[in-house]
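Colleague: 3D, please:
(one chain, ligands or ions: 1)
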Amino acid sequence: MVKNTPIDSTIVSRKIAESGIKEVGKASIREIKRLIDQIENESGEKFIRMEMGIPGLPPNHFGVEAQIEALQNGVAAIYPDIQGIPIVKTEMARFVKNFLNIEVNPDGCIPTVGSMQGSFASYLLLARIYEKRNTTLFIDPGFPVHKMQHRVLDLKFETFDVYNFRGEALREKLESYFSKGHIHSVIYSNPNNPSWICFTEKELQIIGELATKYDIVVMEDLAYFAMDFRKDYSHPAQAPFQPSVANYTDNYILFISSSKAFSYAGERIGMLVISDVLYNRKFENLLKYYVSDAFGYSMVFGTIYPLSSGTSHSTQYALYGILKAANEGKFNFVEEVKIYGEKAKEMKRLFTENGFNIVYDKDENEPIADGFYFTFSYPGMTGAELLNELVYYGISAISLAITGSDRIEGIRACTSLVNKSQFGDLEFRLKTFHQNHS
Ligand SMILES: Cc1ncc(COP(=O)(O)O)c(C=O)c1O
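Modeller: Next up is the predicted model:
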């Protein structure tokens, strides 16, 4: 089977057997992480680690300074406002205006415990706005934890892989779900985890128009805000702006994570932004579960309150510090994370020069951006088979099969933890793999 591999194959095989993992190619992200940690320890060889989507940069210093100051001022002893402290809400509304060019009242700008909590709270609430609609639609591929959130809440969802439905084809596909009358909301990430596709303006317009037509709430997950580096979205109040469905419908919720764009994953803070129309809208069915029929009120006092009673007080000050610096043009947050794109460009070159293909490779007619993730395959192998083998070559990643993708040949690579100094190793390992399979 595997011969002449860069990592000692007896060690790899033994560690796989000891791990209890039946097939590396089908293991979860955390199982792969543990296995690779063990192989690295035993073999003394460093892997090209592309399995986990964690930021690989130092935390934002505007955030750290504001947070330390807030702690020294004693905020740790005091419960924060559930809806968010006033100064952070105002700064969030400014940020949204400056970088998306959309107007939202600070009331609808709510800090959450990571964007993860924003989505959890939204799923909970959206499943209850209509008596007769019970299903979320995922435009996949997508972030596996969002489906996990549905499963633990016992909520229904349907999904389709957007690969074959780009451009105008998206309209008919979405209508085929929306017209049945059981969908209350739709979710996607843009730029997309795992494929790094970005919807074009035309596609966002289609999603927005249909959301209005069928009265469906769009959840737009902007976890990788402004990280489509083909365009420069980094200047406040200056075009171009981060594209958004918010330009095409009033029925939207945005999730803006601080984890990647601001390298603030550890403090667990994100932004939940609800359009003014949706925030103030009343849904009779909500009265079965909440004291109010108003969407925004039920989100804050009926959903975020019982989940966590708001978001860590000092971390809200950190977010305030980061947003203020970005809004005032003192902190170019896009510049700080561009390195992910530079690494992706070089890594994609190394893969494609050695027989691999990029799976999700286009946004309509344009090649996709270089960013946090990319997807690849090798001719004649499924993603699972490929991953099983790449471990022997010191390369780890995850299969697209766990992301709702139909491209079973595909693998997701994350660029964040790979150091540029490892590119020589990566090239050698890919070459060896290609030679052994030609
Ligand atoms: C698409 C997507 N949404 C949401 C999240 C979670 O973000 P947060 O760390 O703010 O909870 C991630 C993190 O990897 C992500 O990739």
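
Colleague: Show the contacting residues for the closest residue to the ligand within the stretch 301-438 of the chain.
Modeller: Here the stretch 301-438 of the chain gets closest to the ligand at one residue, residue 372, 8.2 Å apart by CB to the nearest ligand atom. For the C-beta atoms, the positions are set from N, CA and C on the backbone; glycine is no exception. Residue 372 makes contact with 53, 191, 193, 196, 224, 227, 260, 340, 344, 414-416, according to CB atoms under 8 Å, 6 or more residues apart in numbering.

Colleague: How many residues are close by the closest residue to the ligand within the chain?
Modeller: Of all residues in the chain, the one sitting closest to the ligand is residue 114 (2.8 Å; CB to the nearest ligand atom). Neighbour count of residue 114, defined by other CB atoms under 10 Å: 21.

Colleague: Quick check, it in contact with residue 270.
Modeller: Yes - using CB atoms under 8 Å, residue 114 is in contact with residue 270, at 4.9 Å.

Colleague: Quick one: find the helix or strand in the chain with the lowest mean pLDDT.
Modeller: strand 398-399 (a mean of 90; mean pLDDT, DSSP states H and E).

Colleague: which outside residues touch the next helix or strand after that one?
Modeller: Downstream of strand 398-399, the first helix or strand assigned by DSSP states H and E is strand 411-414. Applying CB under 8 Å, 6+ apart, the set of residues contacting strand 411-414 from outside is 50-53, 194-195, 347, 351, 359, 372-377, 383, 386-387, 390, 397-400, 403.

Colleague: Stretch 219-226 now?
Modeller: So stretch 219-226 is in contact with 99, 115, 119, 122, 126, 143, 146, 185-191, 193, 233-234, 242, 244-246, 252-257, 259-261, 333-334, 371-372, going by CB under 8 Å, 6+ apart.

Colleague: what's the offset of it from the middle of its chain?
Modeller: 7 Å (CA atoms, centre = their mean, to the nearest Å).

Colleague: That stretch spans what distance, first to last residue?
Modeller: 17 Å (CA to CA, to the nearest Å).

Colleague: Give me the contact status of it with the ligand.
Modeller: Yes - residues of stretch 219-226 contacting the ligand under CB under 6 Å from any ligand atom: 221, 223.

Colleague: ok, now how distant is the closest residue to residue 178 other than its chain neighbours from residue 302?
Modeller: Nearest non-adjacent residue to residue 178, counting by CB to CB, 6 or more residues apart in numbering: residue 214, 4.1 Å away. Relative to residue 302, residue 214 is positioned 25 Å away (CB to CB, to the nearest Å).

Colleague: Over to residue 334?
Modeller: Taking CB to CB, one finds residue 334 at 36 Å from residue 302.

Colleague: likewise residue 178?
Modeller: Applying CB to CB, the value for residue 178 to residue 302 is 27 Å.

Colleague: same deal with residue 202?
Modeller: For residue 202, the distance to residue 302 - CB to CB - is 37 Å.

Colleague: Looking at these two, which has the bigger crowd around it?
Modeller: A side-by-side neighbour count of residue 202 and residue 302, using other CB under 10 Å, places residue 302 first with 20 against 13.

Colleague: Next, the contact list for the more buried one, please.
Modeller: 125, 286, 289-292.

Colleague: Buried ones among the residues you listed?
Modeller: 125, 286, 290 (16 or more other CB atoms under 10 Å).

Colleague: Heading C-terminal from the helix or strand that contains the first one, find the next helix or strand.
Modeller: Residue 125 is part of helix 114-126, with elements assigned from DSSP H and E. Helices and strands here follow DSSP H and E; after helix 114-126, the next one along the chain is strand 135-140.

Colleague: quick one: strands adjacent to that following strand?
Modeller: strand 156-161 (parallel), strand 183-189 (parallel) (DSSP bridges).

Colleague: Report the buried residues of that strand.
Modeller: 135-140.

Colleague: same thing with stretch 225-236?
Modeller: 225-229, 233-234.

Colleague: cool, and stretch 175-190?
Modeller: Quick answer for stretch 175-190 (16+ other CB under 10 Å): 177-178, 183-190.

Colleague: ok, now stretch 395-403?
Modeller: 395-403.

Colleague: re earlier: filter the buried residues of stretch 175-190 by proximity to the ligand?
Modeller: Among the buried residues of stretch 175-190, the ligand is touched by residue 189 when using CB under 6 Å from any ligand atom.

Colleague: Tell me how this protein divides into domains.
Modeller: The chain breaks down into these domains under automatic domain parsing: 9-45+338-437, 61-327.
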